[in-house]
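[1] let me see the structure of the following:
(chains A and B)
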Amino acid sequence: MVRKSFFWGFSFGIVAALGLFLAAFLLNLGVPTKLTTWTGEVMAKKKVLALTSAPPRILVAGGSSALFGISARELELLTGVRSINLACHAGLGTRVLLDFAEKLARPGDVILLALEYELYNSGYFDRDSLNENNIDYVLARNPGFLTRMRTAELVWFFLMTPDKRLRRGVQGRLSGGEGRGIKKVYNADSINGWGDEILLDSDARERPRKIANNSLLASGLPGQPAGFPLLNDFLVSCARQNIRVLAAYPNLMDCPKYRTEIAHQTADRIQKFFRDHGVEMADSYDRCLKPAEDFFDTEYHLLSVPCLRRTRLLAESVRPWLVRQGLIPPQ
Amino acid sequence: MIFSSPQFLFVFLPLAVTGFFLLPQQPLFWRKGWLIFASLFFYAWWKWEYLALLLLSLAANFLWGRLLIRTSSSRPRFWLLVLGVAGNLGLLGYFKYSGFFLNTLEPFLGLSWNPVIILPLAISFFTFTQIAYLVDVSRNASFRYSLLDYSFFVVFFPHLIAGPIVRHWEIIPQIRFRPLVFSRENLGPGLAMLVMGLAKKTLLADPLGRYVDAVFHASASGIQIPAFDAWLGTGAFALQIYFDFSGYSDMALGLALFFGIRFPINFDSPYQASSIAEFWSRWHISLTRFLREYVYFPLGGNRCGLPAQCRNILVTMLLSGFWHGAGWTFLAWGFLHGIYLVIHRLWVMGRQRLLFPALGWPARISGRVLTLGAVLMGWVFFRASSLEEAWRLLQTMGGAHGWTLSEQVTNTEGGMGRWWISLGLRFVEPNFNAGSYTELSERILVAALLVFLAPNSQQILARYRPCLGDIRPSVWKIPLNVWSGIFLGFLFWLVTRAFLVARPNPFIYFNF
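    Residues are numbered from 1 along each chain as shown, chains lettered A, B, ... in the order given. Predicted structure coming up:
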């Protein structure tokens, strides 16, 4: 005999589970965890830098390739335009990184986009673009971001938040937070007044025995890269706000598989995308491929001298563009 | 459309159930017709072009069955049967095995013909189902059914894609003269079976599958994986395939119950078996039954001398392997199980002749361990992409490349690390992405506890008779009341969330 109450219980079980999950989710908002201490603090510091300066500025946006590979201080020195490095951890995804730059940019600013190749395939929040880093970052450090998400993104975000993360957040809420998770080098204290990382040559950085070369540049972008619609909307929004955008390739460790036909096609597709949107591309992709000895822990992270070299090369391309834009006088 | 997909659970199934509920019980045609239509739509969702193949096979077998019934003399009937079976096997052979044979013969015949043949979904299942029908009809002319009933039996969607391999005399009597009833008595256990099956698939099998894929992919790429990962990967695959397929079977049984149909039991806690023969009477029971009745018995079964019995076992198991996949690894797997069964037969006969006393629980325990070890070894062949890869993995498992484990498993300096080292294991640099070992070990532990100690879904719901066939008694039976409802509702949310966020992961047996 199957009682009717079984079906009521079943329905109640679903609703109760959903309610419990939602309650745990809400309890997580704004509770800092150790995982995103570095990203949270770095971004907070950069936000202050951006809010306390006025346009016109060059705001460098991207992942850690730009954070460790472009010196805003050097760029400012070479171009004469106030520069701030807003780049952070690429694991946050294109959605968070672009939102961060756009929210801090003001009319008259220039956003210099130097996204890692993977970021061109990371779009609006969904199953593929959400990961433990951006989930943790939004929940712990930037819950206000939830209000700017589309409905579908919000649903994905809600569904994709792992149980373990929810448990940690609830525990953190009850115990007053997890405290700071600071590593020797990944520390917001080493961000200077331009938003640059200054401890690029620290002995504390552990150089792995072998750095893997697995950038998306080698495998190529899919037919419809997830990042393109997001970038499209970003560029439209910037244009509406009179924020100029200039794009650059990320610096990457040189290796044969990044010089294949597929790699060339990938770089060309990115260039074409920007060209179609009226955005110029500073530099060329192969000039951004650097020798292995220029990197420390991943194929995207440059050491300090290579970082300066790279910035000087970049500035060579950026300067004429700034002149054309009327932001600096011709030499 | 797989059972654990949003399209199936939130669109197709509700529509199928609603249509079934709204249509009148009498005349019988309406509900049966609706379910046939829904089943054909379900099949066509994969590739509508192949629907014609299914319909052709159905129509041809139905007509052939009629012809067999009308043929009264035994000799023509025999040859008609041979032709009918050959036609079915020819179709199966063309779609499933021609690539394998051409590849095998290529070096000998110098052929360079490599046709791209897409394996039609479920062809092994609907072919076997219908072969059994033809054989039964040739033996007993009273199995004369209407086209509607026969179509329902062949295409009913809960069993169409990956079994269980149902028999006409199990299904058709349930629908022939009896109205298909939509009732609480069926829906309750059906829902419970469906949720348990979904949980097995999405919460246990799929997460284990990610590690299994990493291990076997690394091994196939020529990476020398640590011995620890070879063992863990094989063990994880054993659990993955069990939860994947038994989860699928639970879902099939549950879905059939929604419409008042009972399927035969297909899994009965096979890893709790204490002999390899017992394992095969508990694993994919409907296939074992088919092979026993339509291959092993016609070959002579065990009513012949010992050498012939051994030959019969080997032939049957080789065919079982070949049915699972057109490849040498599947043949090796089938052959290996044939050898196991032969050894078991010899052991049983020897024990009977020498009048060994029953050894009680020590024998049962050692039997279980031995059976599990043998089955694990077989799974290496089943999962590997080539015989070389399987052999390399087995060598690694046997310590031929050292007793090693990845540094990612634990802190090599810590207590656990030292303990491993004291056992003679050596830590090596990680050479493939295994993910989190902590999470993996938790999953394996939960899965292993369920496999070895917990009752199965049929036992849990035994009081509602969720399937045909005997259910072994168990003290763990749950009533379907408000509390079990809440628990299952909760589980359903977890399952729904898991399959919504995971990438679609087809059932392993969909490939067969």
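
[2] give me the low-pLDDT residue ranges for chain B?
    Residues of chain B meeting the criterion pLDDT under 70: B:111-115, B:355-359, B:503-512.

[3] switch to 50 and redo it
    Low-confidence segments of chain B (pLDDT under 50): none present.

[4] give me the distance from the helix ranked longest in it to the chain's centre.
    Longest helix in chain B, counting residues (DSSP state H): helix B:227-258. Put simply, helix B:227-258 sits 9 Å off its chain's centre (Cα atoms, centre = their mean, to the nearest Å).

[5] now do stretch A:219-229
    17 Å.

[6] got the buried residues for it?
    Under the neighbour-count criterion of 16 or more other Cβ atoms under 10 Å in any protein chain shown, stretch A:219-229 has A:220-221, A:225-228 buried. Heads up, the C-betas are built off the backbone N, CA and C, glycines and all.

[7] same question, stretch B:162-179
    Those would be B:162-168, B:170-172, B:174-175, for stretch B:162-179 by 16+ other Cβ under 10 Å.

[8] repeat for stretch A:255-272
    Buried residues in stretch A:255-272 (16+ other Cβ under 10 Å): A:255, A:258, A:263, A:266-267, A:270-271.

[9] same check on stretch A:321-331?
    Those would be A:321-322, A:327-328, for stretch A:321-331 by 16+ other Cβ under 10 Å.

[10] now do the contacts for residue 265.
    Answering for chain A, as no chain was given. residue A:220 (Cβ atoms under 8 Å, 6 or more residues apart in numbering or on different chains).

[11] my question was about chain B
    Residue B:265 touches B:164, B:285, B:458, B:467-471, counting by Cβ under 8 Å, 6+ apart.

[12] list buried residues within those.
    If we count by 16+ other Cβ under 10 Å, these have these buried: B:164, B:285, B:458, B:467-469, B:471.

[13] same list (these) but as TSV, adding secondary structure and distance to chain A.
    Formatted as TSV, the buried ones among the contacts of residue B:265 follow (DSSP: H, G, I helix; E, B strand; the rest coil; distance: Cβ to the nearest Cβ, whole Å):
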residue	secondary structure	distance to chain A
B:164	coil	23
B:285	helix	26
B:458	helix	16
B:467	coil	16
B:468	strand	19
B:469	coil	21
B:471	coil	17
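
[14] quick check: the farthest pair among those?
    Greatest spatial distance among the buried ones among the contacts of residue B:265 (Cβ to Cβ): B:164 and B:471, at 14.7 Å.

[15] now the closest residue to chain A within the stretch 251-400 of chain B. Nearest residue, chain neighbours left out?
    Closest contact between the stretch 251-400 of chain B and chain A, by Cβ to the nearest Cβ, is at residue B:257 (10.9 Å). Nearest non-adjacent residue to residue B:257, counting by Cβ to Cβ, 6 or more residues apart in numbering or on different chains: residue B:190, 3.2 Å away.

[16] what's the helix or strand containing the one you found packed up against?
    Using DSSP states H and E, residue B:190 maps to helix B:184-199. Judged by 3 or more Cβ pairs under 8 Å, 6 or more residues apart in numbering or on different chains; DSSP states H and E, the packing partners of helix B:184-199 are helix A:4-28, helix B:227-258, helix B:457-460, helix B:482-501.

[17] and those as JSON lines, adding distance to residue A:42?
    Below are the helices and strands packed on helix B:184-199 laid out as JSON lines (distance: least, Cβ to Cβ, whole Å):
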{"stretch": "helix A:4-28", "distance to residue A:42": "21"}
{"stretch": "helix B:227-258", "distance to residue A:42": "36"}
{"stretch": "helix B:457-460", "distance to residue A:42": "51"}
{"stretch": "helix B:482-501", "distance to residue A:42": "28"}
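
[18] out of these, which gets nearest to residue A:122?
    helix B:482-501 (16.5 Å).

[19] give me the buried positions along that closest one.
    Buried-residue list, helix B:482-501, by 16+ other Cβ under 10 Å: B:482, B:484-501.

[20] of the residues you listed, which are in range of chain A?
    Near chain A, taking Cβ under 8 Å from any Cβ of the partner chain as the test, the members of the buried residues of helix B:482-501 found are B:482, B:484-494, B:497, B:500-501.

[21] need the three-state assignment for the residue lying closest to residue A:109 once chain neighbours are set aside.
    Spatial nearest neighbour of residue A:109, chain neighbours left out: residue A:55 (4.7 Å); criterion: Cβ to Cβ, 6+ apart. What DSSP: H, G, I helix; E, B strand; the rest coil gives for residue A:55 is coil.

[22] and residue A:55, what is it in contact with?
    A:106-109.

[23] neighbour-wise, which one of those leads?
    Greatest neighbour count in the contacts of residue A:55, by other Cβ atoms under 10 Å in any protein chain shown, goes to residue A:109: 27 neighbours.

[24] verify the contact between that one and residue A:244 for me.
    Yes: look at residue A:109 against residue A:244 with Cβ atoms under 8 Å: they come within range, at 7.2 Å.

[25] which residue ranges of the stretch 1-150 of chain A form helices?
    Ranges of helices within the stretch 1-150 of chain A are A:4-28, A:37-51, A:64-69, A:72-79, A:93-104, A:132-136, based on DSSP state H, counting those that start in this stretch.

[26] make JSON lines out of those and add mean neighbour count and mean pLDDT.
    Below are the helices of the stretch 1-150 of chain A laid out as JSON lines (neighbours: other Cβ atoms under 10 Å in any protein chain shown; pLDDT from 0 to 100):
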{"stretch": "helix A:4-28", "mean neighbour count": "17", "mean pLDDT": "94"}
{"stretch": "helix A:37-51", "mean neighbour count": "19", "mean pLDDT": "92"}
{"stretch": "helix A:64-69", "mean neighbour count": "27", "mean pLDDT": "92"}
{"stretch": "helix A:72-79", "mean neighbour count": "20", "mean pLDDT": "94"}
{"stretch": "helix A:93-104", "mean neighbour count": "23", "mean pLDDT": "95"}
{"stretch": "helix A:132-136", "mean neighbour count": "21", "mean pLDDT": "91"}
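
[27] spell out which parts of chain B neighbour chain A.
    Counting by Cβ under 8 Å from any Cβ, chain B sits next to chain A at B:184-185, B:187-189, B:191, B:429, B:464, B:480-494, B:497, B:500-501, B:503.

[28] please repeat the previous calculation with a cut-off of 7 Å.
    Within chain B, the positions adjacent to chain A are B:184-185, B:188, B:191, B:480-490, B:492-493, B:497, B:500-501 by Cβ under 7 Å from any Cβ of the partner chain.

[29] out of the buried residues of stretch A:219-229, who's nearest chain B?
    residue A:226 (14.2 Å).

[30] report the contact partners of the closest one.
    A:121-123, A:128-129 (Cβ atoms under 7 Å, 6 or more residues apart in numbering or on different chains).

[31] OK, contacts around the residue lying farthest from the centre of chain B?
    Centroid-distance maximum for chain B: residue B:413 at 43.3 Å, with Cα atoms, centre = their mean. With contact set as Cβ under 7 Å, 6+ apart, residue B:413 has no partners.

[32] show me which residues of the helix or strand where residue B:213 lies are buried.
    Assessed by DSSP H and E, residue B:213 sits inside helix B:206-220. For helix B:206-220, the neighbour count (16+ other Cβ under 10 Å) marks B:206-216, B:218-219 as buried.
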